[in-house]
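Chemist: Quick one, what's the 3D model for this:
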Amino acid sequence: MTGITGLSKKNTFVLAIRDTDVVAAALRQALAEASPEERPGLERAAALVESTASATESVLRARWVRSRLAAVGFTGDIASVAAVKALRQAVPKLSLLAAVQLQREEVAHPE
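Modeler: Coordinates of the predicted model:
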């Protein structure tokens, strides 16, 4: 996932975009054509894609929040007001309501 759409001051929803089915199909094709030396790496990659594909949208949003907070160097308590502030600094178009909702999802799905 490279980003999350739906971020604006008018929109408080966040839609996770994923294309793991396309990636999984490409890996299966590559695995079918792979040499014995390439197989272990491709099998590991396919397993990772499959495990990621089963993640719920809520879990994906929680991961996205963690990556945005890490990008701005936030290391404090995820449940704090400072975390909401840092998230809004990381994503300036994010509304306060959306930031709080995303924070709650991250708190509910810690890694």
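Chemist: Could you list the low-pLDDT ranges of this structure?
Modeler: For the chain, the stretches with pLDDT under 70 are 1-17.
Chemist: any idea where the helices of it begin and end?
Modeler: With helices called from DSSP state H, the chain shows them at 20-32, 39-53, 57-71, 81-90, 96-108.
Chemist: Can you list the neighbours in contact with the fourth one?
Modeler: Contacts of helix 81-90 with the rest of the structure, by Cβ atoms under 8 Å, 6 or more residues apart in numbering, involve 65, 68-69, 71-72, 74, 76-77, 94, 96, 99-100, 102-103. Where you see a C-beta, it was placed from the backbone N, CA and C, and this is true even at glycine.
Chemist: Got a ChimeraX select line for the buried ones in those residues?
Modeler: Buried residues within the contacts of helix 81-90, by 16 or more other Cβ atoms under 10 Å, are selected in ChimeraX with:
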select :65,68,69,74,94,99,100,102,103
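Chemist: how deep is residue 73 tucked in, by neighbour count?
Modeler: When counting by other Cβ atoms under 10 Å, one arrives at 8 neighbours for residue 73.
Chemist: ok, it to residue 43 distance?
Modeler: Separation of residue 73 from residue 43 (Cβ to Cβ, to the nearest Å) stands at 36 Å.
Chemist: again, but for residue 51
Modeler: Relative to residue 43, residue 51 is positioned 13 Å away (criterion: Cβ to Cβ).
Chemist: who has more neighbours, the two?
Modeler: Per other Cβ under 10 Å, whichever of residue 51 and residue 43 has more neighbours is residue 43, with 13 against 10.
Chemist: OK, contacts around the closest residue to that one other than its chain neighbours?
Modeler: In space, residue 43 comes closest to residue 31 once its chain neighbours are excluded; the distance is 6.7 Å by Cβ to Cβ, 6 or more residues apart in numbering. Listed by Cβ under 8 Å, 6+ apart, the contact set of residue 31 reads 39, 42-43, 46.
Chemist: is it possible to export those to a markdown table including distance to residue 20?
Modeler: Output for the contacts of residue 31, formatted as a markdown table (distance: Cβ to Cβ, whole Å):
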| residue | distance to residue 20 |
| --- | --- |
| 39 | 21 |
| 42 | 16 |
| 43 | 16 |
| 46 | 11 |
